[in-house]
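*Asks:* kindly return the folded structure for what I paste below:
(2 chains)
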Amino acid sequence: MSDPVQPLLRVKDLTKNFEVGGGVFGRDATVVHAVDRVSFDIAPGETLGLVGESGSGKSTTGRCILRLIEPTAGEVWFEGRNVTALDPAAFRSLCRDMQIIFQDPFASLNPRMTIGAIIGEALTIHGLAKSKQAFSDRVVQLLETVGLQADHMRRYPHEFSGGQRQRIGIARALAVEPKLIVCDEPVSALDVSIQAQVINLLEDLQQKFGLTYLFIAHDLSVVEHISRRVAVMYLGRIVEIATARDLYATPLHPYTEALLSAVPVTDPQARRRRIVLQGEVPSPINPPTGCHFHTRCPIRQLPLCATQIPPLEQKRDGHWAACHLRS
Amino acid sequence: MAEPLLEIRGLKTHFSTDDGMVQAVDGVDITIGRGETVGVVGESGCGKTVTALSVLKLIAMPPGKIVAGEVLYQGRNLVPLGADEMDRIRAKDIAMVFQEPMTSLNPVYTVGEQIAEVLRRHEGLSRRDAAEKTIEMLRLVQIPNPDRRLNDYPHQFSGGMRQRVMIAMALSCSPKLLIADEPTTALDVTIQAQILELLADMKSRFGMAIMLITHAMGVVAETAQRVVVMYAGKVIEEAPVDALFANPRHPYTQGLIRSIPRIDTAATQKARLEAIPGVVPSLLNPPPGCRFAPRCRYAMAKCREAVPPLREVGGGHKVACVLVEPALEMAGR
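*Replies:* Model prediction:
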């Protein structure tokens, strides 16, 4: 947040409320606070990891940035332009710079389109291929970039394995030469040996094309591996943000601590004391007052934690946390 | 070693499809001692779930068929048993917890009715006694207000709570073996920690053996005493847990462990992940020889000729790889 470099992406007080239920007159609609005043910056070429459990609002945050879901409030700035205020035409041209890779490689590719058509669709939309030849040359080039072959162009998604489909999704995102890619759980549906292939590919592409990633995942070890900085979300709010190294070595927020200690590790020598949180994540329809985490927090001190929302403050150099009790 | 609780010998479960025979499980040997926790790990399609389902004869036949092998439970072969006899084994002797807590409970019955059904059927309890025991079981798996939650339907429970209900149901007849098939895969990491803790607690209380099937190496490392690694329908390595992670011998196991990003090395260095190239082979007419050979960096001509047998290399560590010849092992020292 205190980066001297001009950030590529700046998210400021991003908020998304979903109305659920509700009568015909909308009087008794309940509001789900999916994303609650989330702010962060991403520097050019950086990878920011966004972790949290189901329902923490991490995917909604990613989608609001691309306006796949219209945010309720807050601003998203991309290269100094306010994305949230753009009219549809101007926003469409900006879409070239921001792309997304989805979690489910089985659901995110149209089964009735060939791989060539899927990857090339954006080329047509944005007028990036001047001729038929240029179109197919570019598609072949993209396929090869992600480790697939030219003859895959005429095949359909069902002919590919999960890992290959995820490569196709990556090629589609790369087609328009974006600057930012929102990776929404890109490896969670894959087996570990294939997961490593895709992570390595994403890292290579970042090097090659100078890409910036917002890497959303629930797997803390994957996020730690790929990110320079990591933000932890709980019930719609960012509770901690720091470099991957600092966050994992010295977590400040008690939720981050518990989350890290819950990850099973393969090294029998490295086993740590486990903090097992009691209870479950409360409902975002009626989240706890004050600090959202106070109902499960092992170090809470009432009444402060139950009444006041802890601000996200810089506690150490570049290490931000939202906790009343940690300094 | 005393008589094992469960001994799977040369198990082959094949499925007939339009394209031919899928050799999902092809000659698997797994032994589980009384009160022991054995982890069975591998990636999708390696045959770990089919192995577990074959033990309880829960695979659909046809298209599935146990074409060879024995499943010895306390010395008695389960493979030839009929439906009635298997019914008595299930729940009372061997119980199972499935991956999907959403789909493995019946949505139109309350959880109380579902647990009580098991008790009345297998333990012959009266309606009243079954209800009482159900409350006791729900309390044991730490479901708050069990006397009220009893009357709730599965959709009124969260994923973690449903998995607790499944565990309560599985343990209600005090089985000697619990087969847990990916019990925490669908859960968030903090809930996973709760369920793993609960399983450990239940184990110390009931003393049952656990066959834990998972793709997560970390979960196995922290729960199992012994680990069996499967690849493409075969066991390729087996070892006590510490030996497996400290000194994996099969190139596949080595690759699998190295391909996981490790949180505990955060402060030191970030190495590039070692991915295993290629994909899992098709189990329709698999090629002769070691099934990992096409992806193995050490593969040689010999690997493609015959399937390497699973051989002990010392200390209960068994490996199926031509590179790890027991004889070479001795010479190397």
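*Asks:* so what's the one residue in the stretch 1-150 of chain B that gets nearest to chain A scoring on pLDDT?
*Replies:* For the stretch 1-150 of chain B and chain A, the shortest gap (CB to the nearest CB) falls at residue B:43, measuring 4.0 Å. Where C-beta positions appear, they are placed from N, C-alpha and C, glycine not excepted. You'll see residue B:43 listed with a pLDDT of 88.
*Asks:* and the one 5 residues further on, by the same measure?
*Replies:* With respect to pLDDT, residue B:48 scores 91.
*Asks:* surely residue A:138 is within a helix?
*Replies:* Yes. Applying DSSP: H, G, I helix; E, B strand; the rest coil, one finds residue A:138 inside a helix.
*Asks:* that one: neighbour count?
*Replies:* When neighbours are counted by other CB atoms under 10 Å in any protein chain shown, residue A:138 registers 16.
*Asks:* how many neighbours does the residue of the stretch 1-150 of chain B closest to chain A have?
*Replies:* Neighbourhood size, residue B:43 [other CB under 10 Å]: 21.
*Asks:* would you confirm that it contacts residue A:191?
*Replies:* Yes. Counting by CB atoms under 8 Å, residue B:43 does reach residue A:191; the two are 4.0 Å apart.
*Asks:* identify the contacts common to those two.
*Replies:* Shared contacts of residue B:43 and residue A:191, defined by CB atoms under 8 Å, 6 or more residues apart in numbering or on different chains, are found at B:215, B:280.
*Asks:* how about the helices in the chain?
*Replies:* Assuming you mean chain A. Secondary structure of chain A by DSSP state H: the helices cover A:58-65, A:88-95, A:115-125, A:132-145, A:162-174, A:192-209, A:220-226, A:244-249, A:254-262, A:304-307.
*Asks:* hm, I was asking about chain B
*Replies:* With helices called from DSSP H, chain B shows them at B:48-55, B:83-89, B:111-123, B:127-140, B:146-149, B:159-171, B:189-206, B:217-223, B:241-246, B:251-258, B:326-332.
*Asks:* mind putting the ones you listed in CSV, mean neighbour count included?
*Replies:* As requested, the helices of chain B are exported to CSV (neighbours: other CB atoms under 10 Å in any protein chain shown):
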stretch, mean neighbour count
helix B:48-55, 25
helix B:83-89, 12
helix B:111-123, 20
helix B:127-140, 18
helix B:146-149, 16
helix B:159-171, 24
helix B:189-206, 18
helix B:217-223, 22
helix B:241-246, 19
helix B:251-258, 22
helix B:326-332, 10
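*Asks:* most centrally placed residue in the chain?
*Replies:* By default, I'm working from chain A. residue A:216 (2.8 Å; CA atoms, centre = their mean).
*Asks:* that's the wrong chain, I wanted chain B
*Replies:* Nearest to the mean C-alpha position of chain B, counting by CA atoms, centre = their mean, stands residue B:213 at 2.4 Å.
*Asks:* so what pairs up with that residue in the strands?
*Replies:* Under DSSP bridges, the beta-bridge partners of residue B:213 are residue B:40, residue B:181.
*Asks:* any idea how far it is from residue B:64?
*Replies:* 17 Å (CB to CB, to the nearest Å).
*Asks:* now do residue A:6: how many residues are near it, please.
*Replies:* Count around residue A:6 with other CB under 10 Å applied: 11.
*Asks:* please name the nearest non-neighbouring residue to it.
*Replies:* In this structure, residue A:6 finds its nearest non-sequential neighbour in residue A:80, 7.4 Å apart by CB to CB, 6 or more residues apart in numbering or on different chains.
*Asks:* thanks again, I'm all set now.
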